[in-house]
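# next input, structure requested:
(one chain, ligands or ions: 1)
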Amino acid sequence: MRIYLSRPHMSGHEVARVAEAFASNFVAPIGPQLDAFEATVADYLGGGVHCVGLSSGSAALHLALRIAGVGPGDEVWISSMTFAGGIFPVNYLGAKPRFFDLDPASWTIHTDLLAEELARAAHENRLPKAIVPTDLYGQSVDLDALETLATRYSVRLIVDSAESIGASIGTRKAGSGGDAAILSFNGNKIITTSGGGMLVTKHKDWADQARFLATQARDPAPHYEHSTFGYNYRLSNICAAIGLGQMQVLDDRVTRRREIFARYKAALSRPGITFMPEPEGQISTHWLTAITIDPTQTGTDRETIRLALLDHQIEARPLWKPMHMQPLYRGAPYHGGGMDEGLFEQGLCLPSGSDMTDDQQAEVIAHVTAQLDARA
Ligand SMILES: *Cc1c(COP(=O)(O)O)cnc(C)c1O
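As a prediction, the model looks like this:
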């Protein structure tokens, strides 16, 4: 049987929740399951935040950026190493990205680099509208440091927490910070609604606006009245029902992903193999186990190992290709020393699904080890 990178992992609770939705005929966007899902996530994140269920994480980012006032010609400063859905909304709004490298200690956005550039931009009166750092592979960005910077320069902070629900930094939960955070419940994430996302924000007026914009921007009137344009972005009540079932097992899912990471680390650590670091005080979800393979020390490389795994029906994938290296963003400004480029060149995400069995993981480990031993 094929071993996947990260598959949907149902708990068995979902079907009952979906049946409840069917029984009450709330087979529509909006309904009691959606209200309950939003309340459950808000509660999980520690309260004090408003949650708006949406059709995807990308939709959540689109709304957050629009509500932050991002428009044509504005700059949005963003982690270069991210997924397409975490940046394309910048294009939807006609804004321009400026890319930042990662901090080697955390593999999340380099806050010192960002601080330097913010100081320079403030001096030259060209501050961005918003900063969008990514919680890479389930590891929270440095929320306190980023919030301090955002406040100092009056810049909006929107955290891409699509991969990190269940993670924490100190006493804070990933997905609860900034002006807003976005979550994704796509099929390959830690928990899924079969496709969906959420906007999480401490500002009640942002949540109200997000609900308004996500339901075709209908002004209060018995007929359809519009003073601005909106989107059809609301999460289906049926999908929210799946999410309710998944929230019951979120912590188990994180525990399992962390176990998988720890087992890979114990089995595969050797000179030339690096695992994504986890700074002290942080708990990553380890959504995907990310490693790098240094050819000079191991005698092999990422692609050789990836293809060897593929030969055995095992899906592994390079790390995200940094956005400043993408044809789409050629020429966009980039700040950093190319740490993200190195991660792309040498990095591999190993199968990390919480439904992977111990035997399956042993198989992955055996194939990677065989490749490393063959060249040692
Ligand atoms: C998955 C993901 C998104 C987008 O979420 P969708 O629900 O697929 O639209 C955005 N950013 C990052 C970093 C992601 O991993």
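# make it CA atoms for all contacts and neighbour counts henceforth
Noted.
# how about stretch 277-291: buried residues?
Gln282, Ile283, Ser284, Thr285, His286, Trp287, Leu288, Thr289, Ala290, Ile291 (16 or more other C-alpha atoms under 10 Å).
# so where is the stretch 251-376 of the chain shaky, pLDDT-wise?
376 (pLDDT under 70).
# got the domain boundaries for this protein?
For the chain, automatic domain parsing gives the domain ranges 13-247, 250-374.
# hmm, the first one touching the ligand?
I take that to be domain 13-247. Yes. Domain 13-247 reaches the ligand (C-alpha under 6 Å from any ligand atom) through 56-58, 82-83, 85-86, 134, 160, 162-163, 184-186, 196-197.
# how about the helices of the chain, start to end?
13-23, 32-44, 57-67, 88-92, 111-123, 143-152, 204-214, 237-247, 250-268, 295-298, 302-311, 339-346, 358-375 (DSSP state H).
# of all these, which lies closest to Met325?
helix 339-346 (8.1 Å; C-alpha to C-alpha).
# how about the closest one: buried residues?
Per 16+ other C-alpha under 10 Å, helix 339-346 contains these buried residues: Met339, Asp340, Glu341, Leu343, Phe344, Glu345, Gln346.
# ok, back up a step: from the buried residues of stretch 277-291, which ones fall inside strands?
Gln282, Ile283, Thr289, Ala290, Ile291 (DSSP state E).
# quick one, what contacts the residue nearest the centre of the chain?
Compute the mean C-alpha point of the chain, and by C-alpha atoms, centre = their mean the closest residue is Ala162, 2.5 Å away. With contacts defined as C-alpha atoms under 8 Å, 6 or more residues apart in numbering, the neighbours of Ala162 are Gly57, Asp135, Ile182, Leu183, Ser184, Phe185, Lys189.
# picking up where we left off before, of the buried residues of stretch 277-291, closest to the ligand?
Nearest to the ligand among the buried residues of stretch 277-291: Trp287, at 9.5 Å, using C-alpha to the nearest ligand atom.
# thought the closest one was touching Gly166?
No. Using C-alpha atoms under 8 Å, Trp287 is not in contact with Gly166; the gap is 9.7 Å.
# list residues touching both of those two?
Val254.
# whatever residue of the stretch 151-300 of the chain ends up closest to the ligand bridge partners, please.
Closest contact between the stretch 151-300 of the chain and the ligand, by C-alpha to the nearest ligand atom, is at Ser184 (4.2 Å). Beta bridges link Ser184 to Gly197 when assigned by DSSP bridges.
# mind checking how far it is from Met10?
16 Å (C-alpha to C-alpha, to the nearest Å).
# more neighbours, the two?
Ser184 (31 against 17; other C-alpha atoms under 10 Å).
# pretty sure the more buried one sits against Ser55.
No. Using C-alpha under 8 Å, Ser184 makes no contact with Ser55, being 9.1 Å away.
# which residues are common contacts for the two?
Gly195, Gly196, Gly197, Met198.
# tell me the contacts of the first one?
This points to Gly195. So Gly195 contacts Ser55, Ser56, Ser184, Phe185, Asn186, Gly187, Cys239 (C-alpha under 8 Å, 6+ apart).
# against Ala84, how distant is the closest residue in space to the fourth one that isn't next to it in sequence?
With C-alpha to C-alpha, 6 or more residues apart in numbering as the criterion, Phe185 has its nearest non-adjacent residue at 4.1 Å, and that residue is Thr192. Separation of Thr192 from Ala84 (C-alpha to C-alpha) stands at 19 Å.
# quick revisit: filter the contacts of Gly195 down to the buried ones and hand me the ChimeraX line.
Entered in ChimeraX, the line below selects the buried ones among the contacts of Gly195, by 16+ other C-alpha under 10 Å:
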select :55,56,184,185,186,187,239
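# how about JSON lines for the contacts of Ala162, with distance to Ala36 added?
Below are the contacts of Ala162 laid out as JSON lines (distance: C-alpha to C-alpha, whole Å):
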{"residue": "Gly57", "distance to Ala36": "19"}
{"residue": "Asp135", "distance to Ala36": "26"}
{"residue": "Ile182", "distance to Ala36": "18"}
{"residue": "Leu183", "distance to Ala36": "16"}
{"residue": "Ser184", "distance to Ala36": "17"}
{"residue": "Phe185", "distance to Ala36": "16"}
{"residue": "Lys189", "distance to Ala36": "21"}
